[in-house]
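1. Let's see this in three dimensions:
(one chain, ligands or ions: 2)
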Amino acid sequence: MAKKSVKDVDVKGKRVFVRVDFNVPMKDGQVTDDTRIRAALPTIQYLIEQGAKVILASHLGRPKGQVVEEMRLTAAGNRLSELLGKPVRKADEAYGESVKAEIAKMESGDVLLLENVRFYPGETKNDPELAKAFAELADLFVNDAFGSAHRAHASTEGIAHYLPAVSGFLMEKELNVLGGALENPKRPFTAIIGGAKVKDKIGVIENLLEKVDNLIIGGGLAYTFVKAQGYEIGQSLLEEDKIELAKQFMEKAKAKGVNFYMPIDAVVAKEFAENAESKVVDIKEIPADWQALDIGPKTEELYRDVVQKSATVIWNGPMGVFEFDKFAHGTKAVAESLAEATDAITIIGGGDSAAAVEKFHLAEKMTHISTGGGASLEFMEGKVLPGVAALNDK
Ligand SMILES: Nc1ncnc2c1ncn2[C@@H]1O[C@H](COP(=O)(O)OP(=O)(O)O)[C@@H](O)[C@H]1O
Ligand SMILES: O=C(OP(=O)(O)O)[C@H](O)COP(=O)(O)O
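-> Ligands and ions are numbered 1, 2, ... in the order given. Alright, predicted model coming up:
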């Protein structure tokens, strides 16, 4: 059922607890990628304009319930202040008397960023006492942390039981775009699944086989499928215990009339290394002591062809070891084919595929790049995200 959004409630003069996902990459105390902070701006700016008192909460990293100095949210707050062009106060705690005192001083339109909610053991345990302590700070809960929506934690799920709870604009957009594609796709609908392991993508493949017209696989996980077809894969990634499952997936695709595509050639390497000796081979001819680290040029062409004929494309997981330039070509080619498909809806699940699209400077060519890796994966598996389920229905 559709969830209420921040537009469905009155926020003027209210104290609003906004859960954002400012779990951003950091280096030497600085934010190195502010994508997630920028993605939260529409909700924050709206609340400021509407005259709310904006209380922001996030986690950063996995501090395991204690204070870790490098995981304070100070740098994220500074970056947010720059982006908003106004001061952002930063609290040293995430609840309690000192925070209440800070909030009491707030005027309409002020912004306060709480300290890392994972500095408290109750956060990841979804402790009701902590959830109540968060709820005591505010009149309304807004969840805009799509990237953390698969976590049932005190600041994502628990708090929603003690306050009116609605989604923010980022959360709403992520659910609309991903949900729209999965439930009511423009067809042909194509999913491209890559990455390292079959194990991590079982749920996604299972769910997508019910929905797509074309399923394309690449990356390390593809070679278990190649092996399942009876070909030798040399030293390529193999999950022996998933060969049967791979066979079942291929049979299911056939039975459902889903076109199933896997690599027809590969770039193989002598070793797993940045500058390893490499060559292109037919998929049936991977030499015994070599390993496939990328899809080959014929596969790139095949996949581009499928993408060109698609009206909706969802992509999760790289096609090869894209961290090594030598084996990034297949991932780049897939990113480019999506970028060229200007009439199609193109959606990038977060994680490595999002990183790859950024790396190749193709981000603005995509319809949507999810800010959640794990969250978009679970959503694509058809799972209910606890941070969403807890929000008020429309
Ligand atoms: N052919 C391959 N052999 C080994 N590793 C691969 C191969 N193709 C991709 N990978 C690796 O898979 C990793 C990404 O996998 P995964 O975490 O499952 O993807 P995502 O984060 O997109 O869900 C990358 O680090 C990449 O180097
Ligand atoms: O960065 C996140 O996950 P993601 O890398 O899967 O997108 C989220 O902030 C969730 O963090 P968590 O996996 O520590 O709960």
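
2. got the buried residues for stretch 153-170?
-> 153-160, 162-170 (16 or more other Cβ atoms under 10 Å). C-betas here are computed from N, CA, C, even on glycine.

3. who in the stretch 151-300 of the chain is up against ligand 1?
-> Residues of the stretch 151-300 of the chain lying close to ligand 1 by Cβ under 6 Å from any ligand atom are 195-197, 200, 219-220, 237, 292-293.

4. repeat that with 8 Å
-> Applying Cβ under 8 Å from any ligand atom, we find that the stretch 151-300 of the chain lies next to ligand 1 at 194-197, 200-201, 218-223, 236-237, 266, 272, 291-294.

5. The single nearest residue of the stretch 151-300 of the chain relative to ligand 2: neighbouring residues, count only.
-> The nearest approach of the stretch 151-300 of the chain to ligand 2 comes at Arg151, 5.0 Å away (Cβ to the nearest ligand atom). By other Cβ atoms under 10 Å, 22 other residues sit near Arg151.

6. so which strand or helix has it?
-> Using DSSP states H and E, Arg151 falls within no helix or strand.

7. Ile216 now?
-> strand 214-217.

8. average pLDDT for that strand?
-> For strand 214-217, the mean per-residue pLDDT is 98.

9. same thing with stretch 6-14?
-> On average, stretch 6-14 scores 98.

10. Quick check: buried residues in that stretch?
-> Neighbour-count burial for stretch 6-14 [16+ other Cβ under 10 Å]: 6, 9, 11, 14.

11. Next one: the residue in the stretch 101-250 of the chain positioned nearest to ligand 2, what pLDDT does it get?
-> Nearest residue of the stretch 101-250 of the chain to ligand 2, counting by Cβ to the nearest ligand atom: Gly147, 4.2 Å away. Note on Gly147: pLDDT of 98.

12. what's the answer for Lys326, then?
-> 97.

13. Give me the nearest residue to it, chain neighbours excluded.
-> Excluding the flanking residues, the one nearest Lys326 by Cβ to Cβ, 6 or more residues apart in numbering is Ser278, at 6.3 Å.

14. ok, now which ones touch that neighbour?
-> 267-270, 293, 326-327 (Cβ atoms under 8 Å, 6 or more residues apart in numbering).

15. what's the closest of the residues you listed to Tyr303?
-> Val267 (14.2 Å; Cβ to Cβ).

16. Might you report the residue contacts of the closest one?
-> 278-280, 292-296, 320, 326-327, 329-330.

17. outside of the strand holding Ile216, which residues touch it?
-> 188-194, 205, 208-209, 225, 253, 258-263, 303, 306, 310.

18. Give the next helix or strand downstream of that strand.
-> Trace forward from strand 214-217 with DSSP H and E and the next one is helix 222-228.

19. buried ones in the next helix or strand after that following helix?
-> Note on helix 222-228: by DSSP H and E, the next helix or strand toward the C-terminus is helix 243-256. Using 16+ other Cβ under 10 Å as the test for burial, helix 243-256 gives 243, 245-247, 249-250, 252-253.

20. One more: stretch 186-201?
-> 188-196, 198, 201.

21. Any chance of a markdown table for those residues, columns pLDDT and distance to Asn392?
-> Shown next, in a markdown table, are the buried residues of stretch 186-201 (pLDDT from 0 to 100; distance: Cβ to Cβ, whole Å):
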| residue | pLDDT | distance to Asn392 |
| --- | --- | --- |
| Pro188 | 98 | 36 |
| Phe189 | 98 | 31 |
| Thr190 | 98 | 35 |
| Ala191 | 98 | 31 |
| Ile192 | 98 | 35 |
| Ile193 | 98 | 34 |
| Gly194 | 97 | 37 |
| Gly195 | 96 | 35 |
| Ala196 | 95 | 38 |
| Val198 | 95 | 38 |
| Lys201 | 96 | 33 |
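
22. If we only consider these, which is nearest to ligand 1?
-> Nearest to ligand 1 among those, with distances taken as Cβ to the nearest ligand atom, is Gly195, at 2.6 Å.

23. The residue lying closest to that closest one once chain neighbours are set aside: neighbouring residues, count only.
-> Spatial nearest neighbour of Gly195, excluding adjacent residues (Cβ to Cβ, 6+ apart): Gly317 at 3.0 Å. For Gly317, the tally of surrounding residues (other Cβ under 10 Å) stands at 26.

24. just Lys298 next, same as before
-> 15.

25. Name the nearest residue to Ser81, ignoring sequence neighbours.
-> Val88 is the one closest to Ser81 (Cβ to Cβ, 6+ apart), at 4.1 Å.

26. Report pLDDT for the one you found.
-> Confidence score, pLDDT, at Val88: 98.

27. Mind giving me the PyMOL command for buried ones among the contacts of Ser278?
-> The buried subset of the contacts of Ser278, as determined by 16+ other Cβ under 10 Å, is captured in PyMOL by this line:
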select buried, resi 267+268+269+293+326+327
